[in-house]
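**Student:** what follows is a predicted protein model with its sequence.
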Amino acid sequence: DRCGMIMGAILACTAYFACLLVTMLPVMQDVSMTLLACACFGTGVGKSAFEVARNSYMASNVPKALRGRANGLIGGCARIASMLGPALGGIVVHNEYSGAFMAQTLIGAATVGLLVVGLPHSRSMPSPPPHKPHEVASVTDTSGLANGDLIASGSGATSNRSAHGSTTSDNYSTTSDGSTYSQQHNKAEVVASAGDGSRSDHRWRHCAGSSILVPLLAAGPTGFSFGFVRGARGLLIPLKADAIDLSASAVGYVTAASFACDSLLFPLGGCISDRYGRKAAGVPSLMIMAAGCVLLAFASGVWSVSLASALLGVGNALSSGIVQTVGQDAAPSDLRARSQFLGLYKVATDCGTFLGPLVVGLVSNAAGLDAAAEVIAAATGACALWYAIVSKESLRRPTISKHRRDADESSAAGLIAGGRARDDSECEGAGRQRM
């Protein structure tokens with residue numbers, strides 16, 4: 001996990017530096033655009049690798065009861081950085097783009113340095129490697145099969161089961177009842193069952209696939225839902241502001257109002273998620289954003305658009321870190337399976353982020369922008385119902401039955417009564433000694 005985060009940050013920083021070189025080198029425009037596209041692709045790959053490794057690191061090092069606040073804090077920092085980044089870019093760009101890419105490269109290099117120096121190693125143990133084809137398990141005692149005792153080696157093994165009174169040699173074994181059996185026959189049976197290791201490896205892949213597929217089907221729709229509405233929100237607000245003929249500065253103010261509410265209220269999402277459950281933060285967030293889309297569809301002035309934009313920001317603030325938290329809660333404990341699951345989970349989330357603006361564009365061309373906002377509102381409401389009814393709560397707190405609680409209370413009352421009686425007897429004994 002730690003290595004994945006560092007490698008992802010290095011790849012992103014290298015891509016930023018490549019963008020800087022493209023803007024500085026005197027090359028043809030077509031060539032520069034191709035190189036710039038490749039560098040931007042590397043930036044996306046590095047960021048995706050960093051996010052997947054970070055989620056895996058959080059899943060293995062942060063307790064489930066604290067993940068909501070931890071991921072909410074990360075999401076809040078990302079929101080604040082999204083506000084400060086464009087402002088910093090506008091300051092350093094001036095008339096050339098090389099200043100912005102230089103700032104990105106320096107920030108990326110500083111991030112790599114902080115990760116190398118300050119990020120502790122993960123507490124999780126690496127998953128065991130799959131069986132190699134040349135490894136064959138040999139059984140030297142039939143009684144060990146009944147008790148689940150297997151001794152594996154590459155060239156055969158011997159055992160001495162003194163508890164059962166059995167002695168073994170390289171080829172034959174004699175049990176306590178005097179019967180003999182050939183170890184070569186047992187080895188042949190094990191070789192027939194193990195084969196060349198492909199069956200064992202296939203069995204491991206089948207178990208790993210099932211351990212990934214089941215939680216992915218449970219948590220994937222949640223990540224897709226939030227990615228869908230967030231991607232649509234980023235396009236709906238400026239398009240609606242432009243549709244009612246607002247000035248460019250007014251469009252910026254309306255969009256800034258949404259992101260300001262999003263950045264100021266992000267701690268609420270993590271606290272609610274850890275205290276009352278993931279659904280307590282996720283379902284209201286989706287419902288509020290659905291209401292904001294409805295309000296945006298009927299908005300006709302700057303104040304109504306600003307109110308809808310702020311409402312969308314409040315709804316998104318309640319979901320700060322919820323996507324990462326749900327994915328980390330559902331991730332398998334095995335390191336390899338967890339990494340694969342989180343990668344597929346991010347793919348599901350990114351598919352929602354991709355489809356949200358696409359649906360807005362298609363519906364807007366067909367029926368208008370207001371119809372697109374209504375469609376997004378209906379889809380978001382349906383996602384909220386799905387999350388509330390179908391999806392399971394990933395934060396499961398231990399529950400104590402009434403019978404056990406009554407037994408614990410009676411036991412505690414007995415201990416208290418016994419302690420009081422002992423204190424009374426000690427007091428009486430001390431009084432008699434004084435007399």
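**Tutor:** Cool, got the structure.
**Student:** what separation do you get for Val283 and Ala18?
**Tutor:** Look at Val283 and Ala18: by Cβ to Cβ, to the nearest Å, they are 43 Å apart. Quick note: C-beta positions are derived from backbone N, CA and C, even for glycine.
**Student:** for Val251, give me its contacts.
**Tutor:** Residues near Val251 by Cβ atoms under 8 Å, 6 or more residues apart in numbering: 238, 241-242.
**Student:** same thing with Ala243?
**Tutor:** Leu369.
**Student:** okay, it: pLDDT?
**Tutor:** If you check Ala243, the pLDDT there is 86.
**Student:** next one: it relative to Met24, how far apart?
**Tutor:** Counting by Cβ to Cβ - Ala243 and Met24 are separated by 40 Å.
**Student:** which among the contacts of Val251 count as buried?
**Tutor:** Listed as buried from these are 238, 241; burial here means 16 or more other Cβ atoms under 10 Å.
**Student:** any chance of the contacts of Val251 in a markdown table, with distance to Cys383 too?
**Tutor:** Compiled in a markdown table, those are given as follows (distance: Cβ to Cβ, whole Å):
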| residue | distance to Cys383 |
| --- | --- |
| Pro238 | 23 |
| Ala241 | 25 |
| Asp242 | 27 |
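**Student:** where does pLDDT dip in the stretch 251-400 of the chain?
**Tutor:** 396-400 (pLDDT under 70).
**Student:** ok, Ala9 touching Gly46?
**Tutor:** Yes. The criterion here is Cβ atoms under 8 Å, and Ala9 meets it with Gly46 at 6.9 Å.
**Student:** so the two - more neighbours on which side?
**Tutor:** Ala9 (25 against 21; other Cβ atoms under 10 Å).
**Student:** which ones are touching Asp72?
**Tutor:** For residue 72 the amino acid is Gly, not Asp. 266-267, 269-271, 273, 320-321, 325.
**Student:** Glu96 - how many residues pack around it?
**Tutor:** 12.
**Student:** residue contacts, it?
**Tutor:** Contacts for Glu96 were tallied using Cβ under 8 Å, 6+ apart; they are Thr23.
**Student:** could you report the pLDDT at it?
**Tutor:** On the pLDDT scale, Glu96 is placed at 70.
**Student:** looking at the chain, which helix is longest?
**Tutor:** Assignment by DSSP state H gives helix 198-243 as the longest helix of the chain.
**Student:** so how many other residues sit close to the nearest residue to Leu311 once chain neighbours are set aside?
**Tutor:** Leaving aside its sequence neighbours, Leu311 sits nearest to Gly292 (Cβ to Cβ, 6 or more residues apart in numbering; 3.7 Å). Neighbours of Gly292 under the rule other Cβ under 10 Å: 29.
**Student:** then the one 3 residues further on?
**Tutor:** Neighbouring residues of Leu295 were enumerated by other Cβ under 10 Å; the total is 19.
**Student:** so it belongs to a helix, correct?
**Tutor:** Yes. Counting by DSSP: H, G, I helix; E, B strand; the rest coil, Leu295 is located in a helix.
**Student:** how about it, nearest residue that isn't a chain neighbour?
**Tutor:** Per Cβ to Cβ, 6+ apart, closest to Leu295 is Ala308, 4.1 Å.
**Student:** so where is the stretch 51-200 of the chain shaky, pLDDT-wise?
**Tutor:** 93-95, 123-200.
**Student:** 50 instead, please
**Tutor:** 125-200 (pLDDT under 50).
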